[in-house]
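1. Need a 3D model of the following:
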Amino acid sequence: MLDLFASSSSAAATWRFAGGPALILSLVHIALVLGCGLHILLRRHRQPESRMAWLVVLAAVPYLGALSYLMLGTTNIGRARIARLTDSARHLPQPCVAPGSDGPNCQPGPIDDYSALFRVGQSISGYAPVGGNRAELAIDSDAMIASLVRDIDAAKETVHLLFYIWLGDHNGTKVAKALVRAAGRGVACRAMVDDIGSREFIKGPLWRELAQAGVKLRRALPVGNPLIRMINGRIDLRNHRKLVVLDNHVTYCGSQNCADPAFLPKAKFAPWVDAVMRFEGPIVRQNQHLFAVDWMGNGGDDISGLLAEPLSTVEPGFTAQVVATGPTYRNAAMPEMFEALMYAARRDLFITTPYYVPTPGVQAGLCAAAHRGVDTTIILPARNDDFAIGGASRSHYESLLDAGVRVFEYEKGLLHAKSLTVDGEITFIGSANMDRRSFDLNFENNILLHDTAVTIAMRARQDSYLKDSRQVTAADVAGWSVGRRLWNNALAIVGPVL
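-> Next comes the predicted model:
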């Protein structure tokens, strides 16, 4: 017995000497790194630079990196959610089968060398280009809200709104009160907001007032219990869309949330400068279909009957198409759309975006446009509300400038407009930024259109931003300190996970 006790004591001493707890931690460390590393390498549709960024994070901070990857490393919103969204999209009547959609004015007009752009768009979200559309660019954010309130007050049958962020400020209150008035006169009103982007609004009095007035309300991608949510799907995949449809007759598309330009949560970057267009024509039915997918896919009532209603009289107008993307759509769809637009440019390419964290393909497409002699311009905010994205964006300046791209930084607020114009004929406007969140993680909605008059108006707006912008030169970049370069380039390395 004494020999056995001595033997056990010796083994315990040996275990302590060998560093038993440290050995366990080492084994856990190895298991985490190998497990997450293999998942990163084997996961489908992951861009090489994204794999490398996650591997760098995992190697630098193994435990935190593994936890971050488990929480944020996939684009899974949960099987149940995917099933609901895909099922609603599958069973809804397509806009192209609505009575009157085969009329002569609904047919796409001549789009010359840009037909390939609309084929790309259709391959992404299934919406064919349609003719007979008209659009007006709002003067500014307050004018857009005023126009929206007028349209809600004039609505007779339905009002549908979807916003990533809705605030209870002046503009947010104006829209909410207009919905209350519409519901009071018998208009079917439905409003949906992102559960994280509009979390304060959901907790506030206006949300309760809307519900009491009879407005049907839904939260897009509700988080619920965060721990359970992390198990079922990534918690920060969000519905970033800004989408309004009224009476199957009017729709709005652009970058603006339902809020004041002062944007109180981040007031020190204000004013937030947005671009929004008001559309009429068959394109409205495509946005109605997109709203129905989101509404019904997030537990809303069945509104498929609206898609079967005859189109109102369609007048001659331009060709347009809704381009929608998100985690349930084809992988890398939005960057593919941006790249197609860049390579289609023959004379002029002008871009405004608040967040620029490009894929290699998007960066190469922008540089290639300038290299082949296209007058290429991009405007970004001088002060970004996300310091990491601001630094990562600037890491790309040198390559852009070397290629001949004109780079500007907007100094009179945060330029939040997401716009792209090509050759004075093509406009692409909506909610999508040129960063990895919009490319891979967020649900986004844009409209692609071919029209000289509308594009000239959009281009004039883009030119107006130049007056409040400072051009970045090669000398400016060359004068950056070593520390600043290190900071920007380090952020760029982890750009794919931002």
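2. okay, how far is it across stretch 438-450, tip to tip?
-> Stretch 438-450 stretches 23 Å from its first residue to its last (Cα to Cα, to the nearest Å).
3. Report the mean confidence score over that stretch.
-> Stretch 438-450 shows a mean pLDDT of 94.
4. Stretch 257-277 too?
-> 96.
5. Only the buried residues of it, if you could.
-> With burial defined by 16 or more other Cβ atoms under 10 Å, the residues of stretch 257-277 counted as buried are 257-263, 269, 271-277. For glycine as for every other residue, the C-beta is placed from the backbone atoms N, C-alpha and C.
6. Out of the residues you listed, the closest to residue 486 would be?
-> residue 269 (25.0 Å; Cβ to Cβ).
7. Can you name the residues that contact the closest one?
-> 263, 381, 383, 384, 385, 413, 414 (Cβ atoms under 8 Å, 6 or more residues apart in numbering).
8. where does the stretch 101-250 of the chain have low pLDDT?
-> Applying pLDDT under 70 to the stretch 101-250 of the chain flags residues 224-235.
9. where along it do the strands fall?
-> 130-137, 158-163, 188-194, 216-220, 242-246, 250-254 (DSSP state E, counting those that start in this stretch).
10. would you turn the ones you listed into JSON lines with mean neighbour count?
-> Listed next are the strands of the stretch 101-250 of the chain as JSON lines, based on neighbours: other Cβ atoms under 10 Å:
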{"stretch": "strand 130-137", "mean neighbour count": "22"}
{"stretch": "strand 158-163", "mean neighbour count": "25"}
{"stretch": "strand 188-194", "mean neighbour count": "23"}
{"stretch": "strand 216-220", "mean neighbour count": "19"}
{"stretch": "strand 242-246", "mean neighbour count": "25"}
{"stretch": "strand 250-254", "mean neighbour count": "25"}
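11. got a markdown table for those, with distance to residue 108 too?
-> Shown next, in a markdown table, are these (distance: least, Cβ to Cβ, whole Å):
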| stretch | distance to residue 108 |
| --- | --- |
| strand 130-137 | 5 |
| strand 158-163 | 25 |
| strand 188-194 | 30 |
| strand 216-220 | 31 |
| strand 242-246 | 21 |
| strand 250-254 | 18 |
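12. any idea how far the closest residue to residue 472 other than its chain neighbours is from residue 485?
-> Leaving out its chain neighbours, the residue that sits closest to residue 472 by Cβ to Cβ, 6 or more residues apart in numbering is residue 407, at 4.4 Å. Distance of residue 407 to residue 485, given as Cβ to Cβ, to the nearest Å: 16 Å.
13. the more surrounded of these two?
-> Applying other Cβ atoms under 10 Å to residue 407 and residue 485 shows that residue 407 carries more neighbours, namely 25 against 14.
14. Checking the more buried one next. Helix, strand or coil?
-> Three-state call for residue 407 (DSSP: H, G, I helix; E, B strand; the rest coil): strand.
15. quick one, what contacts residue 192?
-> Residue 192 is in contact with 161, 162, 163, 217, 218, 219, 220, 239, 294, 295, 298, 300, counting by Cβ under 8 Å, 6+ apart.
16. what about 6 Å?
-> Residue 192 sits next to 162, 218, 220 when contact means Cβ atoms under 6 Å, 6 or more residues apart in numbering.
17. And those, which is closest to residue 341?
-> residue 162 (24.5 Å).
18. Just to check, the closest one is in contact with residue 244?
-> No - counting by Cβ atoms under 6 Å, residue 244 is not a contact partner of residue 162; they are 7.5 Å apart.
19. Any stretches of the stretch 351-498 of the chain with poor pLDDT?
-> 495-498.
20. Strands along that one, start to end?
-> 375-381, 406-410, 414-415, 419-422, 426-430, 444-450, 469-472.
21. for the second one, packing partners?
-> If I follow you right, that is strand 406-410. Counting contacts by 3 or more Cβ pairs under 6 Å, 6 or more residues apart in numbering; DSSP states H and E, strand 406-410 packs against strand 375-381, strand 469-472.
22. repeat that for 10 Å
-> strand 348-352, strand 375-381, helix 387-394, helix 397-403, helix 452-466, strand 469-472, helix 474-478 (3 or more Cβ pairs under 10 Å, 6 or more residues apart in numbering; DSSP states H and E).
23. can you map out the helices along the stretch 51-200 of the chain?
-> 62-72, 79-91, 115-125, 141-154, 170-184, 199-203 (DSSP state H, counting those that start in this stretch).
24. quick one: the fourth one to strand 242-246, angle?
-> What it means is helix 141-154. Angle of helix 141-154 versus strand 242-246, following axes from the mean of the first three to the mean of the last three Cα atoms, to 10 degrees, is 30 degrees.
25. What's the PyMOL line that selects buried ones from the contacts of residue 269?
-> Restricted to buried positions by 16+ other Cβ under 10 Å, the PyMOL selection for the contacts of residue 269 reads:
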select buried, resi 263+381+384+385+413+414
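26. which one of the contacts of residue 269 is nearest residue 344?
-> residue 381 (26.3 Å).
27. tell me the contacts of residue 83?
-> 297, 328 (Cβ atoms under 10 Å, 6 or more residues apart in numbering).
28. just residue 102 next, same as before
-> 96, 311.
29. phi, psi of it?
-> When read as degrees, to the nearest 10, the backbone of residue 102 gives phi -100, psi 10.
30. Quick check: the gap between it and residue 482.
-> 64 Å.
31. repeat for residue 410
-> 27 Å.
32. Tell me which of these two has more neighbours.
-> residue 410 (23 against 7).
33. quick one, what contacts the more buried one?
-> 273, 352, 354, 379-383, 416-417, 465-470.
34. Who does it form a beta bridge with?
-> residue 381, residue 469 (DSSP bridges).
35. for residue 158, same thing?
-> Beta-bridge partners, per DSSP bridges, of residue 158: residue 188.
36. That one against residue 190, yeah?
-> Yes - shown here, residue 158 and residue 190 form a contact pair, counting by Cβ atoms under 10 Å, at 7.5 Å.
37. which neighbours do these two share?
-> With Cβ under 10 Å, 6+ apart, residue 158 and residue 190 have common neighbours 245, 291, 303.
38. from those residues, which single one is nearest residue 437?
-> residue 291 (21.6 Å).
39. Now for the closest one, how many residues are close by?
-> If we define neighbours as other Cβ under 10 Å, then residue 291 has 25 of them.
40. Distance-wise, check it relative to residue 243.
-> For residue 291 relative to residue 243 (Cβ to Cβ), the value is 6 Å.
41. joint contacts of the two?
-> Residues touching both residue 291 and residue 243 (Cβ under 10 Å, 6+ apart): 160, 161, 162, 192, 251, 445.
42. Find the residue closest to the first one in space, skipping its chain neighbours.
-> Ranked by Cβ to Cβ, 6+ apart and with sequence neighbours excluded, the top spatial neighbour of residue 160 is residue 245, at 4.5 Å.
43. Next: the second one.
-> Counting by Cβ to Cβ, 6+ apart, the nearest residue to residue 161 once its immediate chain neighbours are dropped is residue 191, at 4.7 Å.
44. Pull the contacting residues for the one you found.
-> With Cβ under 10 Å, 6+ apart, residue 191 has these contacts: 159-163, 166, 175-176, 179, 183, 198, 207, 210-211, 215-218, 244, 258, 295.
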